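**Student:** okay, structure incoming, though there's no sequence with it:
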């Protein structure tokens, strides 16, 4: 089966600009996650979708970050406006459901804000 | 609040050695414990998943153990190879099915 697809692989933007990331999960995976991974740290969950509904977005900075998962398949994560501290790798993952299952991760998008 | 710690942050060993990576967690009420591998510029690859009722899991040269009472998990790598060089992360899945991550151990296997 095809893996989790993410684009772009790399993005460099200036602070206060906007940026969007795209994720296509594994076919049939109901649960989709967006993580932020700052260099030297473990991933931090930003938002979790179950089909096209939000399960958890408690750590999403909602004043600048937004995410959607239309039709319960593809998802986009947007940052507007970006800050220097948003520089990180943004990882998308999916699983068949939630809880006790194997997660499949995309290669991530490395964002640099200058 | 669950916290996951991995020590050491980095480890360098000669090829062929057996090694142990450590992961500790503060709340024993976990659903499972997972080990992942992360290569530079790539996403995370799931290595082993240990359910809360299990004590260990094995895959090839990898063996992961779980001791909930002491809040510890170890990843044992036998006969290490240069291709094992990567960052290894552990994550505890809590009762809300959320993964709580350690910061990882960066492993370098010297030829």
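**Tutor:** Perfect, thanks for sending it. Predicted, not measured: the structure shown is a model, and the values here were computed from it.
**Student:** show me the contacts for residue A:97.
**Tutor:** Neighbour list for residue A:97: A:30, A:31, A:50 [criterion: C-beta atoms under 8 Å, 6 or more residues apart in numbering or on different chains]. To be clear about C-beta, it is placed using only N, CA and C from the backbone, and glycine gets the same treatment.
**Student:** can you tell me, leaving aside adjacent residues, what's nearest to the residue in chain B positioned nearest to chain A?
**Tutor:** Nearest residue of chain B to chain A: residue B:101, at 3.0 Å (C-beta to the nearest C-beta). Using C-beta to C-beta, 6 or more residues apart in numbering or on different chains and skipping the chain neighbours, the partner closest in space to residue B:101 is residue A:42 (3.0 Å).
**Student:** how many residues are close by the one you found?
**Tutor:** Close neighbours of residue A:42, defined as other C-beta atoms under 10 Å in any protein chain shown, add up to 22.
**Student:** roughly how far does the nearest residue to residue A:35 once chain neighbours are set aside sit from residue B:4?
**Tutor:** Excluding the flanking residues, the one nearest residue A:35 by C-beta to C-beta, 6+ apart is residue A:43, at 3.7 Å. Using C-beta to C-beta, to the nearest Å, residue A:43 is found at 11 Å from residue B:4.
**Student:** need the residues touching each of these two.
**Tutor:** residue B:101.
**Student:** interface residues of chain B facing chain A?
**Tutor:** Counting by C-beta under 8 Å from any C-beta of the partner chain, chain B comes close to chain A at B:4, B:31-32, B:34, B:36, B:41-46, B:49, B:51, B:89, B:91, B:93, B:96-99, B:101-104.
**Student:** among the residues you listed, which ones are buried?
**Tutor:** B:4, B:31-32, B:34, B:36, B:43-44, B:46, B:49, B:89, B:91, B:93, B:97-99, B:101-104 (16 or more other C-beta atoms under 10 Å in any protein chain shown).
**Student:** ok, now which ones touch the residue nearest to the spatial centre of chain A?
**Tutor:** For chain A, the residue nearest the mean C-alpha position is residue A:34 (2.9 Å; C-alpha atoms, centre = their mean). Counting by C-beta under 8 Å, 6+ apart, residue A:34 touches A:23, A:45, A:46, A:47, A:48, A:67, A:75, A:77, A:90, A:91, A:92.
**Student:** thank you kindly, that will do.
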